[in-house]
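# Just the structure for this:
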Amino acid sequence: MKKYLKYILMGILAVALSTFFFKKKAEEVTMPRDYAEISESGILRAVTEYNSISYYADGDSVTGFHYELLNAFARSKGLTPEITPEMSFSKRLEGVQTGKYDILANSTVVTSESKDSLLFTQPIILNKQVLVQRKPNGENDSLYIHSQLELARKTLHLVKDSPAILRIHNLSNEIGDTIYINEVEKYGQEQLLAMVAYGDIDYAVCDESIARASLNDFPQLDIETAVSFSQFYSWGVSKHSPVLLDSLNSWLGSYIKTPEFKQLRKKYYNN
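The predicted structure is shown next:
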């Protein structure tokens, strides 16, 4: 139960951090900023998801793949990063579109639909969505899913407004049967993992990297059934920020080739 509580408390902490510790100074933000305005202010505002891959508090320090990557970019440009953790995908997206944040700095899958909302950087990470379920309890465990075809008439739990929802709808069409979706607003992906592990729900869909990072805590979980093909994940900026996009792409194009980036990727993604 201690492991279960850990992930539930992480969700509560993320909300608390977003509400209290990272609350912005009272100011009206009416339009997204491009690079010139960001550079003049000296402040780079970013939003990310609170989880053990992107951004999380570890004692008195904050760490995470996207936290470290964003800090590296900000340092290279002489900017001070302000990073806000936000569990809701729709709020992260809205924040970038309205100018509250300059960058959506967590792994966001690039699809034709998501391109309607944001401009995306070059690919940063290759990832995919997987089915999270408990390992079978014997050979005839009726709950255990062996393949995507067996998802027919099952209920999958996903974070509300997750980009993976579109993939589930497409998968439902592919198998020719209904797959029910329950969008969970209160918790993030790691909390859904804990809920599956302890039997509160039977199935969830999460990014493979986040699911795999939790297997040491929850060895009873099975994540071997892929829900999607491997896809490119990128950062996003407002469509009003093309120069910021160019600056990010120019920096990423060089940084991704460095030993520093390879070490960073290994630290968080090579489990």
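
# Next, the nearest residue in space to residue 79 that is not next to it in sequence: secondary structure please.
Of all residues not flanking residue 79 in the chain, residue 44 sits nearest, at 4.3 Å (C-beta to C-beta, 6 or more residues apart in numbering). Placement of C-beta: from N, CA and C, glycine included. Here residue 44 is recorded as strand under DSSP: H, G, I helix; E, B strand; the rest coil.

# tally of neighbours for residue 44?
24 (other C-beta atoms under 10 Å).

# Same question for the one 4 residues further on.
For residue 48, the number of neighbouring residues by other C-beta under 10 Å comes to 26.

# Was I right to think it contacts residue 106?
Yes. The criterion here is C-beta atoms under 8 Å, and residue 48 meets it with residue 106 at 4.2 Å.

# Identify the contacts common to those two.
54, 55, 66, 92 (C-beta atoms under 8 Å, 6 or more residues apart in numbering).

# and which of these is nearest residue 140?
Closest to residue 140 out of those is residue 54 (38.9 Å), distances taken as C-beta to C-beta.

# sorry, back to before: list the beta-bridge partners for the residue nearest to residue 79.
When bridges are called by DSSP bridges, residue 44 pairs up with residue 81.

# OK, contacts around it?
Residue 44 makes contact with 38, 70, 73, 74, 77, 79, 80, 81, 82, 102, 103, according to C-beta under 8 Å, 6+ apart.

# mind putting the shared contacts of residue 48 and residue 106 in JSON lines, pLDDT, neighbour count and secondary structure included?
Formatted as JSON lines, the shared contacts of residue 48 and residue 106 follow (pLDDT from 0 to 100; neighbours: other C-beta atoms under 10 Å; DSSP: H, G, I helix; E, B strand; the rest coil):
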{"residue": "54", "pLDDT": "92", "neighbour count": "24", "secondary structure": "coil"}
{"residue": "55", "pLDDT": "93", "neighbour count": "27", "secondary structure": "strand"}
{"residue": "66", "pLDDT": "96", "neighbour count": "24", "secondary structure": "helix"}
{"residue": "92", "pLDDT": "92", "neighbour count": "25", "secondary structure": "helix"}
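
# picking up where we left off before, identify, from the contacts of residue 44, the entry nearest to residue 137.
Of all the contacts of residue 44, residue 137 sits closest to residue 70, with 42.4 Å by C-beta to C-beta.

# what about the closest one, how many neighbours?
Applying other C-beta under 10 Å, I find that residue 70 has 23 neighbouring residues.

# And for residue 111?
Per other C-beta under 10 Å, the neighbour tally for residue 111 reads 14.

# Same question for residue 155.
Residue 155 has 12 nearby residues by other C-beta under 10 Å.

# which residues does it contact?
Residue 155 neighbours (C-beta under 8 Å, 6+ apart): 180, 181, 182, 202, 203.

# In PyMOL, select just the buried ones from the residues you listed.
Here is the PyMOL command that selects the buried residues among the contacts of residue 155 (16 or more other C-beta atoms under 10 Å):
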select buried, resi 181+202+203
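
# Restricted to strands, list the contacts of residue 155.
Those of the contacts of residue 155 mapping onto strands are 180, 181, 182, per DSSP state E.

# OK, contacts around residue 67?
Neighbouring residues of residue 67 by C-beta under 8 Å, 6+ apart: 48, 54, 55, 83.

# quick revisit: right, and the pair among the contacts of residue 155 with maximum separation?
The span of the contacts of residue 155, defined through C-beta to C-beta, is set by 181 and 202 at 13.6 Å.

# So which residues make contact with the helix or strand where residue 91 lies?
For residue 91, the element it lies in under DSSP states H and E is helix 89-98. The contact list for helix 89-98 (C-beta under 8 Å, 6+ apart) reads 29, 32, 47-49, 84, 86, 100-104, 106, 117-118, 159-163, 236-238.

# In its sheet, which strands sit next to the helix or strand just after that helix, and in what direction?
Counting by DSSP H and E, the next helix or strand C-terminal to helix 89-98 is strand 103-109. Strand 103-109 has these partner strands in its sheet, going by DSSP bridges: strand 43-48 (parallel), strand 231-237 (antiparallel).

# angle of the last one against helix 89-98?
If I follow you right, that is strand 231-237. Counting by axes from the mean of the first three to the mean of the last three C-alpha atoms, to 10 degrees, strand 231-237 lies at 50 degrees to helix 89-98.
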